[in-house]
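Asker: 3D, please:
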Amino acid sequence: MMAMSDFKFAWAAWLLTFAMHSTLLLGLAWLMARYARSHRLKELLWKTALVGGIFTATLQAWHKAFGRAI
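Answerer: Residues are numbered from 1 along each chain as shown. Sure thing, here's the model as predicted:
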């Protein structure tokens, strides 16, 4: 069972990881969307970047918590 301080540390680590991943993905989506001609491609880039930050941060936290890939 995790102690409360362990839970707070894990939550803070996930939040920091999410901030870094989402910043990078959103910046990349912004750069790519500037040069994309298709509205569908722009929409796909933005949606992928928004969900990608949550997905990659959670995947990394899962890997660190259980020590193995999914």
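Asker: next structured bit after the biggest helix by length in the chain?
Answerer: In the chain, taking DSSP state H as the definition, the longest helix is helix 4-35. Following helix 4-35 in sequence order, the next helix or strand is helix 39-66 (DSSP states H and E).
Asker: what comes up buried for that next one?
Answerer: 42, 45-46, 49, 52-53, 56-57, 61 (16 or more other CB atoms under 10 Å). (Glycine included, C-beta is placed from N, CA and C.)
Asker: Please convert those residues to a markdown table, extending it with pLDDT and distance to Leu16.
Answerer: Shown next, in a markdown table, are these (pLDDT from 0 to 100; distance: CB to CB, whole Å):
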| residue | pLDDT | distance to Leu16 |
| --- | --- | --- |
| Lys42 | 96 | 29 |
| Leu45 | 96 | 24 |
| Trp46 | 96 | 23 |
| Ala49 | 96 | 18 |
| Gly52 | 96 | 16 |
| Gly53 | 94 | 12 |
| Thr56 | 94 | 13 |
| Ala57 | 94 | 9 |
| Ala61 | 86 | 11 |
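Asker: Can you tell me the closest non-neighbouring residue to Trp46?
Answerer: Ala29 (5.5 Å; CB to CB, 6 or more residues apart in numbering).
Asker: correct me, but that neighbour touches Ala49?
Answerer: Yes. Taking CB atoms under 8 Å as the definition, Ala29 is a contact partner of Ala49 at 3.7 Å.
Asker: most centrally placed residue in the protein?
Answerer: Nearest residue to the geometric centre of the chain (CA atoms, centre = their mean): Gly53, 1.8 Å.
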